[in-house]
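*Asks:* predicted model, plus sequence, below.
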Amino acid sequence: MDAVTQTELEAAAFRRLVEHLRERTDVQNIDLMNLAGFCRNCLSNWYQEAASERGVPMDKGTAREVVYGMPYEEWKAKHQSEVAPEKLAGFQPHNH
């Protein structure tokens, strides 16, 4: 497989992951963190880092909007629920 095709496939998989996370608003970030070790915020941080590495200026809010499909504060107001104490008990903080 050539590099261009590989990049196109990786980009398509990324877009599908983002679409899936936008559809699954029932899955909270804490759930993702506890099960997979990353969340929507991590993904948006990785996106922002990739932009920065390529000299593309991007702030955190813009990167989060790419992943959430709307401003982060709007997503939180619509979809984020209170975190149950048992979910926090398993949470291992890390650098996003």
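*Replies:* Looks like it came in fine. Numbers count the residues shown, from 1 in each chain.
*Asks:* next, the contact list for the most centrally placed residue in the chain, please.
*Replies:* Closest to where the C-alpha atoms of the chain average out (Cα atoms, centre = their mean) is R40, at 2.2 Å. Counting by Cβ atoms under 8 Å, 6 or more residues apart in numbering, R40 touches L21, N29, L32, R64, V67, Y68. To be clear about C-beta, it is placed using only N, CA and C from the backbone, and glycine gets the same treatment.
*Asks:* ok, and the closest non-adjacent residue to it?
*Replies:* Nearest non-adjacent residue to R40, counting by Cβ to Cβ, 6 or more residues apart in numbering: V67, 5.2 Å away.
*Asks:* can you tell me the SS state at the one you found?
*Replies:* Under DSSP: H, G, I helix; E, B strand; the rest coil, V67 falls in the helix class.
*Asks:* burial count for it?
*Replies:* 24 (other Cβ atoms under 10 Å).
*Asks:* roughly how far apart are the residue nearest to the centre of the chain and H79?
*Replies:* Using Cβ to Cβ, to the nearest Å, R40 is found at 10 Å from H79.
*Asks:* what about E8, which helix or strand?
*Replies:* helix 3-23 (DSSP states H and E).
*Asks:* just the pLDDT for the residue nearest to R40.
*Replies:* Per-residue pLDDT puts V67 at 98.
*Asks:* what of the one 3 residues further on?
*Replies:* What the model reports for M70 is a pLDDT of 97.
*Asks:* contacting residues for it?
*Replies:* M70 makes contact with K78 under the criterion Cβ under 8 Å, 6+ apart.
*Asks:* can you check A63 too?
*Replies:* Contacts of A63 were listed using Cβ under 8 Å, 6+ apart, and they are S44, N45, Y47, Q48, A51.
*Asks:* before we move on, back to that, distance of the residue nearest to the centre of the chain relative to E8?
*Replies:* On the measure of Cβ to Cβ, R40 and E8 end up 24 Å apart.
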